[in-house]
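K.L.:
sequence and predicted model, in that order:
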Amino acid sequence: MTSGVKAAIGGTVVFLLAVGIELAWMHHQRDESWSASPAATATPQVDPDDLVFLKRERPSSLADLKQLDGTTVWMSAGGQMDYYACVGHHAEYAKPVGTLLGAEPLAIKDAFEQVAPKSATFRIPGGDKQVLLAFTLPSSADPTKLYAVPVGYKQGSDYTFFTDSIFFYEDPHELYKHWGPQIWQAVDAHQVVLGMNELQVGLSLGQVSKSTSQDIGNRMVVYDNLGKPMAVTFVHDKVTAFRPDQGF
C-alpha cells in the first residue's frame, strides 16, 4: 500500500475501533426504529445478521495468545493487515507479502514478539515490541509457507491485543450462512453484486473506505479495494449501483 494511500486513510487503532463503533451504531439505529414502531401491532423484523454471536477471546498475555496455536481464524478486518514472510520466530518486515483479505482463513502456528521498524507500525503500534502470529494460508498455492502478521504490542510488562477486532474465531461462512451461496461467492471472490448490504461489501472489498454521510445503509461508500477504488451506492442497506472510482 503506498504512503499516499496510507496518509489518506489515517491511523491504525482508531480505524479498528471505528469499525466496531460503526457496527454498534448500525445495531443502535435498528433498535431505535423498532422502539418507534407501534407497540403490540406487529413483531419487529429482526435482521439475521444481528443474531450472529461473534466469539471474543480477550487475550491479555503472550500465553493467552498462544492458545490460538493449532486453530484456524478468518480475517474480519479485510484489506487492513499487511503480512510478511516468516522464518523461525522472525518476520521479514522489509519484505511485505501482501494484505490479508476478508474471510480469508489463517492456520495459526505460533505467537512471538519482535521489535518492529517504524514502517510496520501503521496499523498496530510498535511499543517496545510487536506481537505477531505465525500462520499458513490453507487456500494458497503453497499451504505450507509460513507468514506473520502483527496483532498487538508489548509496552513494558503490559500487552495490548487487537485480535478480537481483526479475526473471526469461527468460520464466517457458517456464522452468516443465511447470506446464501450467491453472496458468499461474491465475498470469496472479493467482488460486489447488487443487493449486498454494507457488512457484506465491507468483508468483500475491505474495511478501508470513506463515505458521503453517516446514514449507514443509505449512502455512497468508496472502498479502497487494495488500490482499486470502488464506489458503491446503498439504499435501505442494499447495493443499488457500483462503479470503479477515480481515486481514494
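P.N.:
Great, that's in hand.

K.L.:
now the spatially most central residue of the chain: how far from Glu104?
P.N.:
The centre of the chain sits closest to Ala77, judged by C-alpha atoms, centre = their mean, with a distance of 1.0 Å. Counting by C-beta to C-beta, to the nearest Å, the separation of Ala77 from Glu104 is 11 Å. Placement of C-beta: from N, CA and C, glycine included.

K.L.:
hmm, back to that, which element is the residue nearest to the centre of the chain on?
P.N.:
For Ala77, there is no host helix or strand (DSSP states H and E).

K.L.:
and the pLDDT at it?
P.N.:
pLDDT, Ala77: 97.

K.L.:
Pro44 now?
P.N.:
pLDDT, Pro44: 73.

K.L.:
hmm, who's touching stretch 189-198?
P.N.:
Residues outside stretch 189-198 that contact it (C-beta atoms under 8 Å, 6 or more residues apart in numbering): 26, 49, 101-102, 182-183, 186, 201, 204-206, 216-217, 221, 225, 230, 232, 234, 237-240, 242.

K.L.:
list only those of the residues you listed flagged as buried.
P.N.:
Buried positions within the contacts of stretch 189-198, assessed by neighbour count (16 or more other C-beta atoms under 10 Å), are 26, 49, 101-102, 183, 186, 201, 204-206, 216, 221, 225, 230, 232, 234, 237, 239, 242.

K.L.:
out of these, which sit inside helices?
P.N.:
Judged by DSSP state H, helices contain the following of those: 26, 183, 186, 201, 204-205.

K.L.:
rewinding a little: spatially nearest residue to the residue nearest to the centre of the chain, not counting backbone neighbours?
P.N.:
Ile166 (4.6 Å; C-beta to C-beta, 6 or more residues apart in numbering).

K.L.:
quick one: the one you found and Gly78 touch, right?
P.N.:
No. Using C-beta atoms under 8 Å, Ile166 is not in contact with Gly78; the gap is 9.7 Å.

K.L.:
low-confidence bits of this structure, can you list those?
P.N.:
1-43, 248 (pLDDT under 70).

K.L.:
those strands in it, which residues are they?
P.N.:
72-75, 82-87, 90-99, 105-114, 129-136, 147-155, 158-161, 167-168, 209-211, 219-223, 230-235, 238-244 (DSSP state E).

K.L.:
next, the buried residues of the fifth one.
P.N.:
What that stands for is strand 129-136. 129-136.

K.L.:
save the residues you listed as TSV, and put in distance to Gly152 too.
P.N.:
Shown next, in TSV, are the buried residues of strand 129-136 (distance: C-beta to C-beta, whole Å):
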residue	distance to Gly152
Lys129	10
Gln130	7
Val131	4
Leu132	9
Leu133	9
Ala134	14
Phe135	15
Thr136	20
